[in-house]
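Colleague: Predicted model and sequence below, questions to follow.
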Amino acid sequence: MPNTNPDDARALRRRMRSAARLYAVQALYQMEAMGQSLDAVRVEFEDHRLGMEVDGVEFSEAHVDTFRAILEGAVSHQARIDQTTDRALADRWPIKRIDPVLRALFRAAGAEFVAKEAPPKVVIVEYVEVARAFFPEGKEAGFVNAVLDAMAREVQPGAFK
């Protein structure tokens with residue numbers, strides 16, 4: 001029997017959940033940009049993108065259940081998530097006017113806030129990292145942190161006491 005380190009297994013699960021979040025943002029963006037259905041995008045990502053190899057670079061494997069839960073939650077609760085995001089945006093800048101990648105990110109994170117499976121502070125940190133992946137040189141990470149903090153406090157106020 002191989003010797004498996006529990007810390008290594010936990011780290012792998014964390015990386016796979018992080019990858020699922022990044023892929024979920026990409027999938028939600030694609031759904032909106034291309035007008036594709038949840039099922040079509042989910043199948044495409046699960047069959048072709050999660051853990052794919054491009055030009056010799058292997059992309060991270062993702063936790064499929066996390067990926068699916070985020071997508072399904074974002075679609076099922078989109079109106080509620082968008083309203084929560086609108087209230088969290090500074091100067092009442094409506095969600096429909098922000099960058100579509102950020103819109104997808106807020107919907108993915110919002111789905112996790114609604115599901116209440118992961119602590120909101122973990123969700124915030126994870127999606128700030130996703131923002132950095134998409135906008136490595138911009139101020140978006142700070143903006144994302146502030147909006148997600150406000151969203152989380154509205155959806156799960158008890159988590160911040």
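Modeller: It's in. Numbering: from 1, shown residues only.
Colleague: Which helix or strand contains the residue lying closest to His63 once chain neighbours are set aside?
Modeller: Nearest residue to His63 in three dimensions, chain neighbours excluded: Met16, at 4.0 Å (Cβ to Cβ, 6 or more residues apart in numbering). (C-beta placed from N, C-alpha, C; glycine too.) Met16 belongs to helix 6-34 when elements are defined using DSSP states H and E.
Colleague: what separates that helix from the chain centre, distance-wise?
Modeller: 7 Å (Cα atoms, centre = their mean, to the nearest Å).
Colleague: On the C-terminal side of that helix, identify the next helix or strand.
Modeller: Sequence order places helix 38-44 as the next helix or strand after helix 6-34, per DSSP H and E.
Colleague: re earlier: so what's the residue nearest to His63 up against?
Modeller: 60-63, 66 (Cβ atoms under 8 Å, 6 or more residues apart in numbering).
Colleague: Could you rerun that using 7 Å?
Modeller: 61-63 (Cβ atoms under 7 Å, 6 or more residues apart in numbering).
Colleague: Tabulate these in CSV, adding columns for neighbour count.
Modeller: As requested, the contacts of Met16 are exported to CSV (neighbours: other Cβ atoms under 10 Å):
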residue, neighbour count
Glu61, 14
Ala62, 23
His63, 20
